[in-house]
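Have a look at this fold, sequence not included:
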């Protein structure tokens with residue numbers, strides 16, 4: 001929690017002006033929900049500074065894909081979208097529209113992005129460790145948002161049955177404890193994970 005508060009204090013003391021320079025990296029993460037009590041959450045970073053969330057309720061997958069396309073056309077070119085469950089339908093539609101996104105299935109294999117290598121079970125664990133690493137280095141500033149801070153502080157680390165790899169606590173357990181799904185936290189972690197995935201893709205290309 002101290003890392004979260006420290007990052008929010010940095011954000012609160014920073015200028016409210018958002019950079020519009022061409023060199024600023026714009027990244028966004030999307031945690032997908034569909035026609036239920038949970039919201040589809042869009043998280044944004046302008047460079048290394050987090051911007052306010054957008055939350056959409058009772059939105060189907062086609063509407064979500066259309067909104068992502070709008071953000072892409074507006075200059076948000078690093079986009080990571082939850083590909084787990086119903087998120088897969090959003091990513092299928094985005095591929096049809098030729099919108100390049102990083103489709104992240106939380107159960108997929110980690111990429112090995114951490115400076116200090118850890119044995120991680122899946123991409124969900126890796127994206128949160130990436131976020132923790134950036135907070136420790138104070139290289140990003142989080143939004144001063146109490147719901148986000150509560151969600152991040154509620155996420156717990158556990159190990160696999162054989163205790164050989166780390167994994168994040170199941171989302172349904174976090175939801176029970178919070179009384180809601182940790183969608184802001186997931187969208188935020190996705191946005192930062194997308195930056196790593198984009199850098200990895202470019203390095204592989206060259």
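Cool, got the structure. Predicted model only: the values in this text are computed from it and were never measured.

Please name every helix or strand in contact with the longest helix seen in the chain.
Among the elements of type helix in the chain, defined by DSSP state H, the one spanning the most residues is helix 183-205. Identification of packing neighbours for helix 183-205 by 3 or more C-beta pairs under 8 Å, 6 or more residues apart in numbering; DSSP states H and E yields strand 26-31, strand 40-46, strand 49-56, strand 78-82, strand 102-104, helix 123-137, helix 146-154. C-betas here are computed from N, CA, C, even on glycine.

low-scoring stretches of this protein, by residue?
Judged against pLDDT under 70, the low-scoring parts of the chain cover residues 1-23, 117, 160-163, 205-206.

need the contact list for the residue lying closest to residue 157 once chain neighbours are set aside.
The spatial neighbour of residue 157 that comes closest, neighbours along the chain excluded (C-beta to C-beta, 6 or more residues apart in numbering), is residue 166 at 6.0 Å. Remark: with contacts taken as C-beta atoms under 8 Å, 6 or more residues apart in numbering, residue 166 is in contact with 118-121, 125, 129, 157-160.

Highest neighbour count among these?
Neighbour counts for the contacts of residue 166, by other C-beta atoms under 10 Å, peak at residue 120, which reaches 23 neighbours.

For that one, give the beta-bridge partners.
Partner residues in beta bridges with residue 120: residue 166, with DSSP bridges as the criterion.

Residue 179 is nearest to which of the helices and strands packed on helix 183-205?
With C-beta to C-beta as the criterion, residue 179 lies closest to helix 146-154 of the helices and strands packed on helix 183-205, at 10.1 Å.
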